[in-house]
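Trainee: starting from these lines, generate the structure:
(4 chains)
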Number of protein chains: 4
Amino acid sequence: MTSAASGAAQTLDVAVFGAGRIGRIHAGNLARQPGVRLKYVVDVNREAAAALAAQHGAQVVDVDAAFGDASIGATVICSSTDTHAELILKSAAAGKPIFCEKPVDLTIERARACAEAVQRAGVVAMIGFQRRYDPTFAALKTRLDAGEIGTPEMLIVTSRDPGAPPVEYIKHSGGIFKDMLIHDFDIFRWILGDEASSVHATGSCLSDPAIADAGDIDSTAVTIRTKRGRLCQINTARRAAYGYDQRFEVLGSEGMLQAGNMKPTEVVAWSKTAVAQDVPEAFFLERYRAAYASEMAHFHEAVTQGVPVRTSVADGLKALELAEAASLSWREGRVVTLGD
Amino acid sequence: MTSAASGAAQTLDVAVFGAGRIGRIHAGNLARQPGVRLKYVVDVNREAAAALAAQHGAQVVDVDAAFGDASIGATVICSSTDTHAELILKSAAAGKPIFCEKPVDLTIERARACAEAVQRAGVVAMIGFQRRYDPTFAALKTRLDAGEIGTPEMLIVTSRDPGAPPVEYIKHSGGIFKDMLIHDFDIFRWILGDEASSVHATGSCLSDPAIADAGDIDSTAVTIRTKRGRLCQINTARRAAYGYDQRFEVLGSEGMLQAGNMKPTEVVAWSKTAVAQDVPEAFFLERYRAAYASEMAHFHEAVTQGVPVRTSVADGLKALELAEAASLSWREGRVVTLGD
Amino acid sequence: MTSAASGAAQTLDVAVFGAGRIGRIHAGNLARQPGVRLKYVVDVNREAAAALAAQHGAQVVDVDAAFGDASIGATVICSSTDTHAELILKSAAAGKPIFCEKPVDLTIERARACAEAVQRAGVVAMIGFQRRYDPTFAALKTRLDAGEIGTPEMLIVTSRDPGAPPVEYIKHSGGIFKDMLIHDFDIFRWILGDEASSVHATGSCLSDPAIADAGDIDSTAVTIRTKRGRLCQINTARRAAYGYDQRFEVLGSEGMLQAGNMKPTEVVAWSKTAVAQDVPEAFFLERYRAAYASEMAHFHEAVTQGVPVRTSVADGLKALELAEAASLSWREGRVVTLGD
Amino acid sequence: MTSAASGAAQTLDVAVFGAGRIGRIHAGNLARQPGVRLKYVVDVNREAAAALAAQHGAQVVDVDAAFGDASIGATVICSSTDTHAELILKSAAAGKPIFCEKPVDLTIERARACAEAVQRAGVVAMIGFQRRYDPTFAALKTRLDAGEIGTPEMLIVTSRDPGAPPVEYIKHSGGIFKDMLIHDFDIFRWILGDEASSVHATGSCLSDPAIADAGDIDSTAVTIRTKRGRLCQINTARRAAYGYDQRFEVLGSEGMLQAGNMKPTEVVAWSKTAVAQDVPEAFFLERYRAAYASEMAHFHEAVTQGVPVRTSVADGLKALELAEAASLSWREGRVVTLGD
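Mentor: This next block holds a predicted model:
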């Protein structure tokens, strides 16, 4: 049913759901893979859909038409979060390989239903945790797995946005833990190779009172203790004046590995007052440009060559469970214990 | 009674209690101040006392003799922790300026008694939180206070020792929170300029099972939320394979300030596999060499010129209260709320 | 005659001469520009030509056929150095925009003839000094021109290859000054914005005696004094064990700007012995990947929008004159003065 | 005659000539050595002499009185350059160990006479090339000698002052090559472990026309080729807006070692526009503080324990010969060949 079964020579026809910023990036990266043809673009915003379709020689259709075409070999889901679960379920039912942006869903129940559906269907199903494909993060992970610093014991994650999104966005985001830290929870599981035993989260609204009015916070401090006793601290802020800050460090029994920010250039300026380098890449589109490309290449190889996906729907579910636990910890001011 | 009252021309005679490693450093740094004479060294280890006394032309005496000499203008307390409180109380009673190594005491009750005694006596009384005198940390604090990054909002402290001390030491240390994190709690109060509202601490014993057998841990993750909603995360480990790691960073509303490690040299080696710099200074004696010198110069100016001490016994008490709260949080697996 | 005249809607048909490593890169980057079609590939190596043509849906033809097609709107010359001049002259005669890899030619006479021919013909003619298009170097130049460090006074260029090419290559390379330093001479002119008044060059053969046997050297130290008294030092080596090293720094009256190497990742590893970062990008294809893309985008805008080329054949000639002067200085062991 | 012969128990009485800035530093560092007593201070400026003497409990005497006292075990010569040779000769004649600030003299003839005199007398005689004692530079040299980067092949020295001295100073300085680059020439010989075969120097006056009027330059670019074909480039400027810049790098057959600047603190500030570190230590007194201390400790061990001096009068002479050759090269605009 998938084009993986039909040989490399055959074209992989793809339907993209969502023609927004991230949809355009995924579409472009996927279209660059050999043998891939962007066939359909689906978006309630017909103008955006038409623009993306035109760029790739694709057609604008609706959901039913897209799923009605048996030649579609993969779906790329970049539409609004509330549509993810339904599209995943439809794709799974149709036996089509799935790439879906994070989060799977804002509720654990529906996310779990998706994880079960794709497993039952046996389709390739990949969640867009692009950070795992970042060259720096991936190189660190490879070196960690090779034993360069012995056993990992402690992980410190720093994750800060250059500025808060509009409050309207925040209201429908599911809260900072599901919207922003979902990535950090995935990093935690991936890097420490362990599951959470307990979670403590606290936070504040420090940048914009409107965020507090919307029932959310903009700064968090999360601590996770794993089943094996490893420790993880995550600090996040919606606003870092100096830009997008994406770092983590792993302390191991024999050393430490740090993943630093990327800079636009390697210029260093020596003035009367300072020796100055560039601030980090502006935001996720710049910072993770290479990661997004690598992520789609991986989806392509998963679909066409049967390589197991590195970021599964089950990973998406696990991260969501952590976000839920952190949210509960913050709201109730207590440590939350996770079951087996 | 203090030599501050008697004019700069007069010699300041000092009694040092404790001739161990840190005692020798403080004695040397104090003796380098103009007009200071090391008169007495007191230590139950007579050999150590004699060696230090010989180096400075001082006499070895016992505690009573030292306090019996009215000409002693200051006491420097570097003896074992269980003697701190008694010596502070004696010094306060005798109206002598006090420098005392951290911690004031392992119990809050006795530490509070010391704080009250020195306040009643009105003597100069300084606690050895040497990190505040470190050139890098002090410069950061000055720039923070000058508003360089706006309002401080989040503090991340990394504090790792190169290796765990002998288990015998650990057994009498009061536990990792009072022994090791006491410094980090002081950094927290100093940098954020705020007091803790709640504390959460967790930890593990990852390096040496003997530490767990002694009822302690070697790795901790602490989170503090302040009364004004600021956040602090502290991560500590008794063992970092690459050496002594002493960093912190403050995120403010308009930027970030980081305090990095110091290196023995500025050599960079480019080989086939890496571009390599020195590991950090080996341990606290090297890392805080300048801080120790600056600390004693400050004690000297406090004694002779009436400059208010920057690290008071009250600060020592506050840090101890945080250590106690963290310890409770860890033992009971819950968030601890601090009163006003 | 050029497609610039015919409006943006028209396709720009391109002929590429040379299907080697750099030809393939330029072809790929040019093909990515909107409206560009790779029509012909010319190479004496028919296999290489066929492979590149197949990738882009182009045809393999010979030189005459390529020039015989009036619809060709631009030529991209990446063939061996000894063919550059002839192809430039043919393109100029045919009124076709030219992109030509460095060097224009190994002789000043023929390079000058090319410069004159393209000027007479009034065609767009660009030389492949890709370093000017490197994001780091270009950002530095922009900041320099904006006056960030006042007047530039001194330039230090470090330019080292990871390893020497085969001696067979060296024999036909024109020598290290024309083959390798040609880029550094262009950097010198571009950054200091001044022309050489005198040149001194010395060098040695330190890595491989076969290079000396071929009459060449592998390590050079060049000093240029400009007409305005500015100073430039260039150091080059054919072999740097740690990889491709491409740095320069400009000292100005009010500060300094440095351009550093690029690293594959931002991982930092802290071990018992070192704090280690990645070695630089391996070689020019990796280091200047972004530069090559930007270079072709610039050629495209020069051809289609009439933007003046930033690296002209005249620049190529000037760099060659410096290479010739340096070579003479080295051979005769004396300072060479350049005329007006 | 020297105190080395008389055992560690005996006091080493020292006479210091010159009570200026550097004299005070050397006196302080030497007095810190065990068993050293500063007995005499000699300076035509009686006020400066009296101040330094008072600080160390020494006496102010004239040259003859100092040399007339047989108990003087070492002389420290920090007086003006034109007095160095005479004092060295007197010390040698009196069999007294000598420490003398660079340069030995401004003329090769007199410097050679000094080298010969101290050799004949067999006295310890050390020249103040303090850079060799800098922790960073010394560590680099040790690693180089241990073979970490194979055979050294190329040396790049950057040596820039924060600002030009008064023109009055420059007039009597012997010119930039003897006054400023003398240190860099010593670094060259020390690091490459080879002697110059040819020297080329050029330069300009770019910061202050008064320097040109005084017949000197403020910016230089020097190239040295060694007898074994190794290459060295030195760039110097009297004025770097960002402070005192003291770096060098050695390219070896198997890697590179760089010696970087030292910073006052390890604070890093992340703002909207830059990630900024401290500018380098302000000037030589700060940058080489540790080097000066280590240098005097070495002189002390040379005098008292017979350890061979690491920076001899012969080294001073060799550096001066290079300065002379560079000066000639600059004035005559030609390469200068050095004999054997």
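Trainee: show me what from the stretch 201-340 of chain A comes close to chain D.
Mentor: By the rule C-beta under 8 Å from any C-beta of the partner chain, the part of the stretch 201-340 of chain A lying against chain D is A:240-242, A:245, A:269-280. Any C-beta I mention is one placed from the backbone N, CA and C, and that applies to glycine too.
Trainee: restricted to buried residues, select those in PyMOL.
Mentor: The PyMOL command for the buried members of those (criterion: 16 or more other C-beta atoms under 10 Å in any protein chain shown) is given here:
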select buried, chain A and resi 240+241+242+245+269+270+271+274+275+276+277+278+279+280
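Trainee: what kind of secondary structure is the closest residue in space to residue A:180 that isn't next to it in sequence in?
Mentor: Distances taken as C-beta to C-beta, 6 or more residues apart in numbering or on different chains put residue A:236 closest to residue A:180, at 6.0 Å, once the chain neighbours are dropped. The three-state assignment at residue A:236 reads strand, by DSSP: H, G, I helix; E, B strand; the rest coil.
Trainee: any idea how far residue A:236 is from residue A:169?
Mentor: Residue A:236 is 16 Å from residue A:169, where distance means C-beta to C-beta, to the nearest Å.
Trainee: which one's more surrounded, the two?
Mentor: Regarding residue A:236 and residue A:169, a neighbour count based on other C-beta atoms under 10 Å in any protein chain shown identifies residue A:236 as having more, with 26 against 11.
Trainee: so where do the helices sit in chain A?
Mentor: Using DSSP state H, the helices of chain A run over A:21-31, A:46-56, A:63-68, A:81-94, A:108-121, A:135-145, A:167-171, A:176-179, A:181-192, A:209-213, A:284-287, A:289-305, A:313-332.
Trainee: which of these sits most buried?
Mentor: helix A:176-179 (a mean of 25; mean count of other C-beta atoms under 10 Å in any protein chain shown).
Trainee: ok, that one near chain B or not?
Mentor: No. Using C-beta under 8 Å from any C-beta, helix A:176-179 stays clear of chain B, coming no nearer than 12.9 Å.
Trainee: packing partners for that helix?
Mentor: Applying 3 or more C-beta pairs under 8 Å, 6 or more residues apart in numbering or on different chains; DSSP states H and E, one finds that helix A:176-179 contacts helix A:313-332.
Trainee: any idea of the mean pLDDT in the helix it packs on?
Mentor: Average pLDDT, helix A:313-332: 98.
Trainee: may I have that helix exported as PDB, CA atoms only?
Mentor: What follows is helix A:313-332, C-alpha atoms only, in PDB (Å, rounded to 0.1, in the frame of the first residue of the first chain):
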ATOM      1  CA  VAL A 313       3.600   8.900  17.900                       C
ATOM      2  CA  ALA A 314       4.400   7.000  21.100                       C
ATOM      3  CA  ASP A 315       7.200   9.500  21.700                       C
ATOM      4  CA  GLY A 316       4.600  12.300  21.200                       C
ATOM      5  CA  LEU A 317       2.300  10.600  23.700                       C
ATOM      6  CA  LYS A 318       5.100  10.300  26.300                       C
ATOM      7  CA  ALA A 319       6.100  13.900  26.000                       C
ATOM      8  CA  LEU A 320       2.400  14.900  26.400                       C
ATOM      9  CA  GLU A 321       2.100  12.800  29.500                       C
ATOM     10  CA  LEU A 322       5.100  14.700  30.900                       C
ATOM     11  CA  ALA A 323       3.500  18.000  30.000                       C
ATOM     12  CA  GLU A 324       0.300  17.000  31.700                       C
ATOM     13  CA  ALA A 325       2.200  16.000  34.800                       C
ATOM     14  CA  ALA A 326       4.200  19.200  34.900                       C
ATOM     15  CA  SER A 327       1.000  21.200  34.400                       C
ATOM     16  CA  LEU A 328      -0.600  19.400  37.300                       C
ATOM     17  CA  SER A 329       2.500  19.900  39.500                       C
ATOM     18  CA  TRP A 330       2.500  23.600  38.800                       C
ATOM     19  CA  ARG A 331      -1.200  24.100  39.400                       C
ATOM     20  CA  GLU A 332      -1.300  22.100  42.600                       C
END
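Trainee: chain center to that helix: distance?
Mentor: What separates the centre of helix A:313-332 from the centre of its chain is 14 Å, taken as C-alpha atoms, centre = their mean, to the nearest Å.
Trainee: likewise stretch A:168-179?
Mentor: The mean C-alpha position of stretch A:168-179 is separated from the chain mean by 15 Å, C-alpha atoms, centre = their mean.
Trainee: alpha carbons only: can I get it in PDB?
Mentor: Provided in PDB are the C-alpha atoms of stretch A:168-179 (Å, rounded to 0.1, in the frame of the first residue of the first chain):
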ATOM      1  CA  GLU A 168      -4.800  34.800  21.400                       C
ATOM      2  CA  TYR A 169      -2.300  32.100  20.400                       C
ATOM      3  CA  ILE A 170      -1.500  31.300  24.000                       C
ATOM      4  CA  LYS A 171      -5.200  30.900  24.900                       C
ATOM      5  CA  HIS A 172      -5.500  27.900  22.400                       C
ATOM      6  CA  SER A 173      -2.100  26.600  22.900                       C
ATOM      7  CA  GLY A 174      -2.800  24.100  25.700                       C
ATOM      8  CA  GLY A 175      -0.500  26.000  28.100                       C
ATOM      9  CA  ILE A 176       3.200  26.500  28.100                       C
ATOM     10  CA  PHE A 177       3.900  22.900  29.100                       C
ATOM     11  CA  LYS A 178       2.200  21.400  26.200                       C
ATOM     12  CA  ASP A 179       3.000  24.100  23.700                       C
END
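Trainee: who touches that stretch?
Mentor: A:81, A:103, A:106, A:164-165, A:201, A:203, A:211, A:214-218, A:220, A:236, A:238, A:320, A:323-324, A:326-327, A:330 (C-beta atoms under 8 Å, 6 or more residues apart in numbering or on different chains).
Trainee: over to stretch A:268-282?
Mentor: So stretch A:268-282 is contacted by A:162, A:242-246, A:261-267, A:287, C:143, C:148-149, C:254-258, C:260, D:240-242, D:269-280 (C-beta under 8 Å, 6+ apart).
Trainee: can you do 6 Å?
Mentor: With contacts defined as C-beta atoms under 6 Å, 6 or more residues apart in numbering or on different chains, stretch A:268-282 is touched by A:242-244, A:261-265, A:287, C:255-258, D:241-242, D:274-277.
Trainee: so which residue is dead centre in chain A?
Mentor: Centrality entry for chain A: nearest residue to the mean C-alpha point is residue A:129, 2.7 Å, by C-alpha atoms, centre = their mean.
Trainee: now do it against chain D, distance only.
Mentor: 26 Å (C-beta to the nearest C-beta, to the nearest Å).
Trainee: over to residue A:141?
Mentor: In terms of C-beta to the nearest C-beta, residue A:141 sits 25 Å off from chain D.
Trainee: give me the pLDDT value at that residue.
Mentor: pLDDT, residue A:141: 98.
Trainee: same question, residue A:10
Mentor: 77.
Trainee: can you count the residues close to it?
Mentor: 14.
Trainee: what does the one 10 residues further on give?
Mentor: The tally of other residues near residue A:20 (other C-beta under 10 Å) stands at 15.
Trainee: hmm, back to that, for residue D:22, find the nearest of the helices of chain A.
Mentor: Closest of these to residue D:22 is helix A:135-145, at 47.6 Å (criterion: C-beta to C-beta).
Trainee: that closest one and chain C, are they touching?
Mentor: Yes. Part of helix A:135-145 sits near chain C under the criterion C-beta under 6 Å from any C-beta of the partner chain, namely A:135-136, A:139-140.
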